[in-house]
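*Asks:* Following is a predicted model, sequence given first.
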Amino acid sequence: MNNKSSKNSIINLVALLFIVGVVIVGVFSYYSQKADSRREVREQTQTFGASISNEIERAIKEYPAYEWLIKYWYENYENIDIEYDVDYNGGTLTEKKYSTWISRHPDIGFKYATTDDLERLEEIDKKLYAEIAYSWLITRLDQIKASYDVAYLFCVLPNSTFDSQFFLLSAADEGSVRGTAYEEVYPLGVTVQVGEEQTTAMKSALKDSSYLASAGDYVDYYYNIGEVDGRNVLIGLTYNIRALRESINERAKHSTMLTMLQQLVLAGLCLWLIYRFVLKPLKTVQANIRQYTETKDSNAVSEGLSKIRGRNEIRQLSDDVTALAKEIDQYTDEIESITKERERIETELDLATRIQEGTLPNVFPPFPDRNEFEIYASMNPAKEVGGDFYDFFFVDDDHLCLIMADISGKGIPAALFMMASKIMMEDNAAMGKSPAQILTDVNKAIVTNNHEDMFVTAWLGVLELSTGTLMASNAGHEYPALMRAGESFELYKDKHNFVLGGMEGIKYKEYEVKLSPGDKIFLYTDGVPEATDANDELFGTDRMIDALNRSKDGTPEDILKGVDGAVNDFVKEAEQFDDLTMMCLEYKG
């Protein structure tokens, strides 16, 4: 009797069917995954190559006169003096050239010079502009190559028959040698003959805008960015996809579609058994449960379920239901206790919000005895504690530090991360470091102990009050808005560095802005432009700039209240999902 009962046990029958089903589905999954993996590797590689190529294209086309530059480099490569791989540590030849350019043409913004602007220049200045732009651009390509771990990254001009390439730009790793020997990085002007495969790849890229050619663990990718003076301009990439292929193969093995398919197959095999051996006795259990929901009579449930005989899982279930019915009354009392506990947690969360706000400077004017500037800041929090914060404090008697930052995530973890980040920034700034060094050191400290993979976007500046010189660095934060005296607010599109805590070894860059009396700077977090109305439309930076300019003649406090009012008028009754954090400073000199 015991042996028969063991053989007919539900768990044994289900296990047998499960094993048979897993074997069948496993064979099917194996071959499906192999085919799907090959397709996904190609698609992911195509996407990866397009992403890198688009970034390179944006870097090239960042110059309005990029077509003029490409033509000039191609026609004059033998006569121009290029400094490759500039490290921006000061004292470089390119930096000296740029100073010369600024002194000669202060009315022409270097990054905004048009073809017409350049054509009006003398030849010596055309050459100077082309040399500076090339050095900056090749250094940017070096950074892109390093960021994406590309084996080779270059920009070429093929001839009309596509059997040779004129090398316009070639990115290099740190320490690489530029030359024409094997494994050296080609400088500007090198022309090489190519094989049939590369000829086919370049022609295909012109036809379809891009082309991907596989060769074992390596992939060659060409991307067409247009035509300049009758010559096609192609971006070329070569990179190792072994890691990507392995990653996609692993992910394919656990893909959702195959998992769902396995579950459906197993469910179909198991349902027949469950219907025959489980469903019928379960109806008795179900009837007694329904009876209990109507009568709340646990004794009647116990009597009804006692009719189920046997020593299998259904019998155990009936005993569990009987025990559950007797415990529900106890649970009712516990639910009331849980409700009170939830109210307590909400009260503590509200207290945490107030504590967080209390750590920010909130007394204005903060420095009544200082008349070189006027400052005002505010943070209107969302319902829960968040990670936005601002700060301002004197590093010494002549230097004022300004901080605007946003922590990833919400809730108590973000608030704790905010406090730690704020303290680190304050401590590093108090040592008299430059903005770039402050962010570099803070990033290093965060990455070292960032077990939760959180990150910070931050804008940090140090204003020298005696001269109006503002040194600033941007770690993936929103662009500041700058208003010159008597003019209007505009976004100051500074160069973004990477976010804090996102990657180790980042060396942050900084830039200088000269403030004159009457100039104002407005800092904010993404809660302002991303404020959303009931139709899911964003407030946006254009509306923000309009709001700033409506209050531009007011005090910093008037300006912040103007922006806050504009956001509220736009959002209306929609729920606030993010903190609105802003700060405005007027330099008086």
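*Replies:* Structure's in. What do you need?

*Asks:* Show me where the stretch 451-589 of the chain has its helices.
*Replies:* 540-550, 556-571 (DSSP state H, counting those that start in this stretch).

*Asks:* Show me what the shortest one is packed up against.
*Replies:* Which is helix 540-550. Helix 540-550 makes packing contacts with strand 481-483, strand 489-491, helix 556-571 when contacts are defined by 3 or more CB pairs under 8 Å, 6 or more residues apart in numbering; DSSP states H and E. Every residue, glycine included, has its C-beta placed from N, CA and C.

*Asks:* Residue 459: which of these is closest?
*Replies:* Nearest to residue 459, of all the helices and strands packed on helix 540-550, is strand 481-483, at 11.3 Å by CB to CB.

*Asks:* Just give me how far stretch 522-530 sits from the chain centre.
*Replies:* Chain-centre distance of stretch 522-530: 16 Å, with CA atoms, centre = their mean, to the nearest Å.

*Asks:* how about residue 111, what does it touch?
*Replies:* Residue 111 makes contact with 62, 63 under the criterion CB atoms under 8 Å, 6 or more residues apart in numbering.

*Asks:* From residue 480, how far off is it?
*Replies:* Using CB to CB, to the nearest Å, one gets 17 Å for the distance from residue 111 to residue 480.

*Asks:* now residue 231
*Replies:* 40 Å.

*Asks:* Which one of these two is surrounded by more residues?
*Replies:* residue 480 (23 against 17; other CB atoms under 10 Å).

*Asks:* What does the more buried one show for phi and psi?
*Replies:* Backbone dihedrals for residue 480, given as degrees, to the nearest 10, come out at phi -70, psi 160.

*Asks:* ok, it - contacts?
*Replies:* By CB under 8 Å, 6+ apart, the contact list for residue 480 reads 459, 472, 491, 492, 494, 521, 522, 523.

*Asks:* Spatially nearest residue to the fifth one (excluding sequence neighbours)?
*Replies:* This means residue 494. Closest residue to residue 494 apart from its sequence neighbours, by CB to CB, 6 or more residues apart in numbering: residue 474 at 5.0 Å.

*Asks:* can I assume that neighbour is in contact with residue 495?
*Replies:* Yes. At 7.0 Å, residue 474 counts as touching residue 495 under the criterion of CB atoms under 8 Å.

*Asks:* and the two? which has more neighbours close in?
*Replies:* Between residue 474 and residue 495, counting by other CB under 10 Å, residue 474 is the more crowded of the two (26 against 9).

*Asks:* Show the contacting residues for that one.
*Replies:* Contact partners of residue 474, counting by CB under 8 Å, 6+ apart, are 458, 459, 494, 495, 496, 497.

*Asks:* Can you give me the pLDDT of the first one?
*Replies:* Meaning residue 458. With respect to pLDDT, residue 458 scores 97.

*Asks:* contacting residues for it?
*Replies:* By CB under 8 Å, 6+ apart, the contact set of residue 458 is 403, 404, 405, 406, 421, 425, 439, 474, 475, 476, 477, 500.

*Asks:* Residue 340 - that's part of a helix, no?
*Replies:* Yes. Checked against DSSP: H, G, I helix; E, B strand; the rest coil, residue 340 lies within a helix.

*Asks:* before we move on, back to that, include distance to residue 411 when you put the contacts of residue 474 into CSV, please.
*Replies:* Below are the contacts of residue 474 laid out as CSV (distance: CB to CB, whole Å):
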residue, distance to residue 411
458, 20
459, 23
494, 30
495, 32
496, 26
497, 27
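
*Asks:* Which members of those residues occur in strands, if any?
*Replies:* Within those, residues falling in strands by DSSP state E are 458, 459.

*Asks:* and which of the contacts of residue 458 is nearest residue 32?
*Replies:* Closest to residue 32, out of all of the contacts of residue 458 and judged by CB to CB, is residue 476, at 40.1 Å.

*Asks:* tally of neighbours for that closest one?
*Replies:* 16.

*Asks:* May I see the contacts of residue 458 arranged in TSV, with pLDDT and distance to residue 546 as well?
*Replies:* Shown next, in TSV, are those (pLDDT from 0 to 100; distance: CB to CB, whole Å):
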residue	pLDDT	distance to residue 546
403	97	26
404	96	21
405	95	25
406	93	23
421	92	32
425	95	31
439	97	31
474	97	23
475	97	27
476	95	25
477	96	21
500	96	31
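
*Asks:* end-to-end on stretch 495-502?
*Replies:* One end of stretch 495-502 sits 17 Å from the other (CA to CA, to the nearest Å).

*Asks:* Identify the residues contacting residue 438.
*Replies:* 425, 428, 429, 460, 473 are the contacts of residue 438 under CB under 8 Å, 6+ apart.

*Asks:* quick one: the strands in the stretch 251-400 of the chain?
*Replies:* Listed in chain order, the strands of the stretch 251-400 of the chain (DSSP state E, counting those that start in this stretch) span 373-380, 389-396, 399-407.

*Asks:* ok, and which of those has the densest surroundings?
*Replies:* Highest mean neighbour count among the strands of the stretch 251-400 of the chain (mean count of other CB atoms under 10 Å): strand 399-407, with a mean of 23.

*Asks:* Which SSE is immediately downstream of it?
*Replies:* Downstream of strand 399-407, the next assigned helix or strand under DSSP states H and E is helix 411-430.

*Asks:* Can you give the distance from that following helix to the centre of its chain?
*Replies:* With CA atoms, centre = their mean as the basis, helix 411-430 stands 20 Å off its chain's centre.

*Asks:* same check, this time on stretch 562-569
*Replies:* 27 Å.

*Asks:* before we move on, what about stretch 175-188?
*Replies:* 34 Å.

*Asks:* Please apply the same query to stretch 113-131.
*Replies:* 37 Å.

*Asks:* Equivalent analysis for stretch 162-171, please.
*Replies:* 33 Å.

*Asks:* ok, now stretch 465-480?
*Replies:* Using CA atoms, centre = their mean, the offset of stretch 465-480 from its chain centre is 22 Å.

*Asks:* how about it: buried residues?
*Replies:* 465, 468, 470-480 (16 or more other CB atoms under 10 Å).

*Asks:* and if you look at stretch 305-325?
*Replies:* Within stretch 305-325, the residues that count as buried by 16+ other CB under 10 Å are 305, 308, 312, 314, 317, 318, 321, 322, 325.

*Asks:* what separates the last one from residue 518, distance-wise?
*Replies:* It refers to residue 325. According to CB to CB, residue 325 and residue 518 sit 78 Å apart.

*Asks:* Kindly report the same for the second one.
*Replies:* With the distance defined as CB to CB, residue 308 ends up 87 Å from residue 518.

*Asks:* In this structure residue 552 contacts residue 520, no?
*Replies:* Yes. Shown here, residue 552 and residue 520 form a contact pair, counting by CB under 8 Å, at 7.4 Å.

*Asks:* what about the two, which has more around it?
*Replies:* residue 520 (24 against 17).

*Asks:* What are the neighbouring residues in contact with the more buried one?
*Replies:* For residue 520, the contacting residues are 482, 483, 489, 552, 556, 559, 584, 585, 586, 587, by CB under 8 Å, 6+ apart.

*Asks:* Going by distance to residue 176, which of these wins?
*Replies:* For the contacts of residue 520, the nearest to residue 176 is residue 482 (38.7 Å; CB to CB).

*Asks:* beta partners of that closest one?
*Replies:* residue 490, residue 521 (DSSP bridges).

*Asks:* The strand or helix carrying residue 437: which residues count as buried?
*Replies:* Per DSSP H and E: residue 437 is located in helix 435-448. Within helix 435-448, the residues that count as buried by 16+ other CB under 10 Å are 435, 436, 437, 438, 439, 440, 441, 442, 443, 445, 446, 447.
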